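Peer 1: Need the 3D shape of this:
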Amino acid sequence: MGLATLKKQGNTESFYKYLEENKDNFKDKKVDGYYHTDVVADAYTKGFNNGKEIAKTNVIEDYNKQFIEKFVRKSTQIYLDTHKLIDLLHKEKFKINSFYINAFSEYPKVIIAIEEELMLNDEFINLAYRKIFELQKDFKNDYNTTLEMSLSCSENLDIDLLSADGFQYQETIF
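Peer 2: Numbers count the residues shown, from 1 in each chain. From the prediction side, this is the model:
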């Protein structure tokens, strides 16, 4: 029997008033070891919403952490691959002036700055691009993205423009 039904029966006004004033007090008390369904539903809703917020926060934090870790791994690999190429070229007595890395691009980029006469040296070009191809292939397999590596004459490079294009890291080789 609902409260509206009790009210319509007449002489139950004081009881109805009592129930109306105290109805919220009953639902948070146990009866025979059980809680009223409203209490259970409220607890479930609050728990679900709190859990959803905590889970959402955890998912976002985990995603950010994984994203940062992956970025650091990928950037470190770009740096190491660049040095593998430079070490190989130094071993063959080819001089490298500097290199520039843009790790923030969708397709990371590296520019190796060399003297102009090396651009005309077939032995250098064959060795450098063979190694670049190998490094790019391995990078693609590991990170499912392309690593763009190129050679450029150091005389014509504008450091400010490179920086504006996202090449935030540079190293001069001595």
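Peer 1: quick one: low-confidence ranges for this protein?
Peer 2: Across the chain, the ranges flagged by pLDDT under 70 are 1-45, 47-56, 174.
Peer 1: Tell me where it has strands.
Peer 2: Residue ranges of the strands in the chain, as given by DSSP state E, are 96-102, 109-114, 148-153, 169-172.
Peer 1: Would you mind extracting the C-alpha trace of the shortest one into CSV?
Peer 2: So the one you mean is strand 169-172. Output of strand 169-172 as CSV, limited to C-alpha atoms (Å, rounded to 0.1, in the frame of the first residue of the first chain):
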residue,chain,number,x,y,z
TYR,A,169,67.7,18.5,-30.8
GLN,A,170,71.1,19.0,-32.5
GLU,A,171,74.6,17.8,-31.9
THR,A,172,77.8,19.0,-33.4
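Peer 1: For it, buried residues please.
Peer 2: Under the neighbour-count criterion of 16 or more other C-beta atoms under 10 Å, strand 169-172 has residue 169 buried. Just so you know, the C-beta spots here come from the backbone N, C-alpha and C atoms, and that holds for glycine as well.
Peer 1: Would you mind pulling up the elements that that strand packs against?
Peer 2: For strand 169-172, the packing partners by 3 or more C-beta pairs under 8 Å, 6 or more residues apart in numbering; DSSP states H and E come out as strand 96-102.
Peer 1: List the contacts of the closest residue in space to residue 162 that isn't next to it in sequence.
Peer 2: Excluding its sequence neighbours, the residue lying closest to residue 162 (C-beta to C-beta, 6 or more residues apart in numbering) is residue 100, at 5.3 Å. Each residue near residue 100 by C-beta atoms under 8 Å, 6 or more residues apart in numbering is listed here: 110-111, 113, 157, 162, 167, 169-170.
Peer 1: go on, residue 153?
Peer 2: So, once contact is read as C-beta under 8 Å, 6+ apart, residue 153 ends up touching 113-116, 119.
Peer 1: Now do the contacts for residue 77.
Peer 2: 139, 142-143.
Peer 1: Ok, residue 121 next?
Peer 2: By C-beta under 8 Å, 6+ apart, the contact set of residue 121 is residue 94.
Peer 1: swap the cut-off to 7 Å and go again
Peer 2: Neighbour list for residue 121: empty [criterion: C-beta atoms under 7 Å, 6 or more residues apart in numbering].
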